[in-house]
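[1] Quick one, structure for this:
(one chain, ligands or ions: 1)
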Amino acid sequence: MRGRIVTGARVTKAIVVVVSSFAPVLWGAEASQKAVRITHYVEIRGFEFKPSNLSVSPGDSIVFMNLDIVPHTATAIDNTWTTDTLETGETQLITITSDSTPVYYCIFHPSMNGSLDLQ
Ligand SMILES: [Cu+2]
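    So this is what the prediction gives:
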């Protein structure tokens, strides 16, 4: 009898694993029914964000790439979102939401500004 109980437990575990492995597929299907998400790229070069203005939609992502020899950040003016400190050659992806603050700067160089046009 005990042997049968152990077998039953194994079957239950197997079912749990199968369900969890399907979950990402279901999320992917849900996401594909919504608007297409775009990944934008902003270079940080010569103490400027390039492009300094970007049209984005909620759900889009921005990859910030620091191509300068000094560290920079891309940080919302109200600090509601930020990259980490990006050293030379580092990148970081930020995902935009409908309430993302559209104006950003670099905390080390406040004269560096960028903006987003939220569509
Ligand atoms: Cu900077």
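
[2] domain ranges for the chain?
    Following automatic domain parsing, one finds the domains of the chain at 1-34, 39-118.

[3] is the last one anywhere near the ion?
    Just to be clear, that refers to domain 39-118. Yes: using CB under 5 Å from the ion, we find that domain 39-118 touches the ion at 72, 106, 108, 109. Every C-beta, even on glycine, is put in place using the N, C-alpha and C of the backbone.

[4] What is the end-to-end distance of that domain?
    14 Å (CA to CA, to the nearest Å).

[5] what does stretch 101-109 give?
    Counting by CA to CA, the terminal residues of stretch 101-109 are separated by 19 Å.

[6] Could you shift the numbering so residue one becomes 21, and keep it that way?
    Got it, first residue is 21 now, which makes that one stretch 121-129.

[7] How far away from the center of its chain is it?
    Here stretch 121-129 shows a centroid-to-chain-centroid distance of 17 Å under the convention CA atoms, centre = their mean, to the nearest Å.

[8] residues of that stretch that come out buried?
    If you call a residue buried by 16 or more other CB atoms under 10 Å, then stretch 121-129 has these buried ones: 122, 124, 125, 126, 127, 129.

[9] what secondary structure does the second one sit in?
    Pointing back at residue 124 there. strand (DSSP: H, G, I helix; E, B strand; the rest coil).

[10] give me every residue that touches it.
    By CB atoms under 8 Å, 6 or more residues apart in numbering, the contact set of residue 124 is 69, 94, 95, 96, 97, 101, 133, 134, 135, 136.

[11] which among these gets closest to residue 87?
    The shortest approach to residue 87 among the contacts of residue 124 belongs to residue 69, at 11.1 Å (CB to CB).

[12] ok, which stretches of this structure are helices?
    For the chain, the helices defined by DSSP state H cover 22-52.

[13] State the pair within the buried residues of stretch 121-129 that is farthest apart.
    It's 122 and 129 that sit farthest apart of the buried residues of stretch 121-129, by CB to CB, at 19.2 Å.

[14] pretty sure residue 59 is touching residue 114, no?
    No: using CB atoms under 8 Å as the test, residue 59 is too far from residue 114 to be in contact (10.5 Å).
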